[in-house]
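> structure of the sequence below:
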Amino acid sequence: MLNTQVLVLNQNYEPMTVTDVKKAVVLIYLGKAEIIERNDGLLVRSVSVTFPLPSIVRLMHYKRVPRKRIILTRKNIIKRDGYQCQYCSTKTGPFTIDHIIPKRSGGEDSWENLVCACIECNNKKRDRTPEEAGMTLLRKPKKPSHLYFIRYFVSTIDHRWKPYLFMN
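Next up, the predicted model:
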């Protein structure tokens, strides 16, 4: 129960991060946060204090936080693309990472130039651009935002979080 995830909002209700119940309760106890949404009647008890189990907390004072950078990794590219080949749309792996513009043609390792591809499509495309190989991308790749990271990289999303993560 204490490892349950809690969405942390800034004072202006902007999603900041996801933490566990232990850290959220400490913020509440110290008066640094308030409970916005509770977890269905569950309680966290200590010897002298009882708190409802929080699902969403909001900081009492605005925190200026630099945007978290999402690291460019193979795993994050495959997650961003929804475990789907961006050429043939298959969802059965194994998957590789493909450079849209090949490195030999000046292609970089960037969010906008890397996509998830199945082995067959990656072999078919070889060291060419999609146009040269006669292939088209399902969607143009882009760098995911901090909000995207919270939405899609957290293991489970509580239904109460959806309005705050613009998922309605």
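> C118 reaches Y83, doesn't it?
No. If you go by C-beta atoms under 8 Å, C118 and Y83 don't touch, sitting 10.6 Å apart. Yep, even glycine has a C-beta here, placed from its N, CA and C like the rest.
> list the beta-bridge partners for the nearest residue to L27 once chain neighbours are set aside.
In this structure, L27 finds its nearest non-sequential neighbour in A33, 3.8 Å apart by C-beta to C-beta, 6 or more residues apart in numbering. On the basis of DSSP bridges, A33 is bridged to L59.
> so A33 touches K23, yeah?
No. Counting by C-beta under 8 Å, A33 does not reach K23; the two are 9.7 Å apart.
> in contact with the spatially most central residue of the chain, which residues?
The chain has F149 as the residue nearest its centroid, 2.0 Å off, counting by C-alpha atoms, centre = their mean. F149 makes contact with K68, I70, according to C-beta atoms under 8 Å, 6 or more residues apart in numbering.
> give me the pLDDT for it.
You'll see F149 listed with a pLDDT of 72.
> that one - that's part of a strand, no?
No. Using DSSP: H, G, I helix; E, B strand; the rest coil, the assignment for F149 is helix, not a strand.
> so Q84: helix, strand or coil?
On the basis of three-state DSSP, Q84 is classed as coil.
> the residue nearest to it when sequence neighbours are not counted: neighbour count?
Closest residue to Q84 apart from its sequence neighbours, by C-beta to C-beta, 6+ apart: K91 at 5.1 Å. Here the number of neighbours of K91 (other C-beta atoms under 10 Å) works out to 10.
> just T50 next, same as before
For T50, the neighbour count with other C-beta under 10 Å is 8.
> which strand residues bridge the residue lying closest to it once chain neighbours are set aside?
Spatially, and ignoring its direct neighbours in sequence, T50 is nearest to L43 (5.4 Å; C-beta to C-beta, 6+ apart). Beta bridges link L43 to P52, judged by DSSP bridges.
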